[in-house]
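Engineer: Next come a sequence and a model predicted from it.
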Amino acid sequence: MNRKFFKIHSWAGLITGVFLLLVGLSGSILVFNEDINHWLYADRLLVSSPSAGQRYSLDACYELVRTRYPQMNYIGLDEVPQRANQSVAFWMEADKVQYKAYVNPYTGRVVWFGKRYNQVCDWLLLFHYTLLGGKVGELVVALLGIVLLVCVLTGFWIYRKSIVPVLLFRVRFNRKNWRTVSSSLHRIVSVWALLFNLMIALTGFWMLRYTFTKEHYDPIANQPAKQAPLPVSIDRALTTVRQTYPDLVVSSLYLPEKAGEDVVVYGSFGGRSFLFGDYGDELTLDGRTGGIKATKFIAQKTVSEQFDSLVFPVHAGMYGHWTLKILYSLLGLTPGLLSVTGFLLWWRRRKSGKARSVIKVRKEISSV
């Protein structure tokens, strides 16, 4: 059993090692997504808010963008502005190419427009879950999640007797040579990162499970359609939500693609479990009247729905605190590090096996 698990563990790590390294590295950087964006793109994300003066409504900003870019099939609100000095961001799509536009709500001017994936973190996100390979790349990353899960489980079996000693710091780090260094690193890092990598593998696969459905590859179902003009006011819908639920912090709002479809508002109540992030509570608004049709708050959701709401925040580490972000970033590098040290261990065993074969052949020749 040990030999079988070791062989599965070795080949799974060897085949996917480079991909796990790249996906893990991009994920570790994406933990600081908001911070990087504000550092690189402050000129388009933030605007100077005058002490007095007219502010364009979200409806007016939407109409401005829709009029200026009539070629777009779909225009959505990227996020609901939370501060007075925040620009209004829209994401758009035309001919399956995504764009972004940032509007100054005080001047009505588009401060930046361009392809979405020309921005560093958006490009990294695309790379992280598709490896820039489109639908096939998404499927590959989903399979990587399964392989990582296999590596974690077989690694748990292989190092099961080392878990407690490592956690109690009873296992010494051997610096004698590169072989002992790689062996010690692989053992210690795999134990400490066991639960994190198990969580990353499960949540990563779960978010990409749609890649195993026929609908995802149906060209007719995925044909872009022209978005109908919005019959409902964005501002009035948000006002209704905030008046009805004043403690709800609205994070995003999904605009319908077709006339009559519902508007979905995502947010969170202060003080509720931080594990669900900023998007755990949902409200469905009538696409024609803007009135609240249904609510699906965390407490109202089934266990499976709560799990779905939990997956993305847990996978991405969307909790804001720098200590947790640094921890996520470092642990996100461990699949790649384990791939490197695992390769070194495999190379050592391979060379040792060749050396033993040579010695055996020489003994046979000498005996003849």
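Structural biologist: That came in fine, so what should we check first?

Engineer: tell me the contacts of Thr154?
Structural biologist: For Thr154, the contact set (CB atoms under 8 Å, 6 or more residues apart in numbering) comprises Phe5, Phe6, Ile8, His9, Ala12. No exception for glycine: its C-beta is placed from N, CA and C like everyone else's.

Engineer: now, which of these lie within helices?
Structural biologist: Phe5, Phe6, Ile8, His9, Ala12 (DSSP state H).

Engineer: still on that earlier bit, could you dump the contacts of Thr154 into JSON lines and include distance to Asp281?
Structural biologist: Shown next, in JSON lines, are these (distance: CB to CB, whole Å):
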{"residue": "Phe5", "distance to Asp281": "43"}
{"residue": "Phe6", "distance to Asp281": "46"}
{"residue": "Ile8", "distance to Asp281": "42"}
{"residue": "His9", "distance to Asp281": "41"}
{"residue": "Ala12", "distance to Asp281": "39"}
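
Engineer: List buried residues within the residues you listed.
Structural biologist: Phe5, Ile8, His9, Ala12 (16 or more other CB atoms under 10 Å).

Engineer: For the residue positioned nearest the centre of the chain, which residues are in contact?
Structural biologist: By CA atoms, centre = their mean, the chain has its centre lying nearest to Ala316, at 5.1 Å. By CB under 8 Å, 6+ apart, the residues touching Ala316 are Leu30, Val31.

Engineer: Offset the numbering so it begins at 50, please.
Structural biologist: From this message on, residue numbering opens at 50, which makes the last subject Ala365.

Engineer: Distance of it relative to Trp88?
Structural biologist: Look at Ala365 and Trp88: by CB to CB, to the nearest Å, they are 19 Å apart.

Engineer: Nearest to Leu393 among the ones in helices among the contacts of Thr203?
Structural biologist: Closest approach between the ones in helices among the contacts of Thr203 and Leu393, by CB to CB: His58, at 14.5 Å.

Engineer: right, and that closest one touches Val201 too?
Structural biologist: No - using CB atoms under 8 Å as the test, His58 is too far from Val201 to be in contact (9.4 Å).

Engineer: Show me the helices in this protein, by range?
Structural biologist: Under DSSP H, the chain gives helices at 51-79, 82-89, 91-94, 107-117, 169-179, 183-207, 212-216, 227-241, 243-256, 283-293, 352-365, 371-381, 383-416.

Engineer: Need those in TSV (columns: mean pLDDT).
Structural biologist: Output for these, formatted as TSV (pLDDT from 0 to 100):
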stretch	mean pLDDT
helix 51-79	88
helix 82-89	93
helix 91-94	94
helix 107-117	94
helix 169-179	95
helix 183-207	93
helix 212-216	91
helix 227-241	88
helix 243-256	94
helix 283-293	92
helix 352-365	91
helix 371-381	90
helix 383-416	66
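
Engineer: Ok, which of these comes nearest Trp161?
Structural biologist: helix 91-94 (4.0 Å).

Engineer: Check which helices and strands that closest one sits against.
Structural biologist: Helices and strands touching helix 91-94, as assessed by 3 or more CB pairs under 8 Å, 6 or more residues apart in numbering; DSSP states H and E, comprise strand 159-164.

Engineer: how about a cut-off of 10 Å?
Structural biologist: In this structure, helix 91-94 makes packing contacts with helix 82-89, strand 146-152, strand 159-164, judged by 3 or more CB pairs under 10 Å, 6 or more residues apart in numbering; DSSP states H and E.

Engineer: would CSV of these with mean neighbour count be doable?
Structural biologist: Shown next, in CSV, are those (neighbours: other CB atoms under 10 Å):
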stretch, mean neighbour count
helix 82-89, 14
strand 146-152, 20
strand 159-164, 15
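
Engineer: Out of these, which is closest to Thr390?
Structural biologist: Nearest to Thr390 among the helices and strands packed on helix 91-94 is helix 82-89 (28.3 Å), distances taken as CB to CB.
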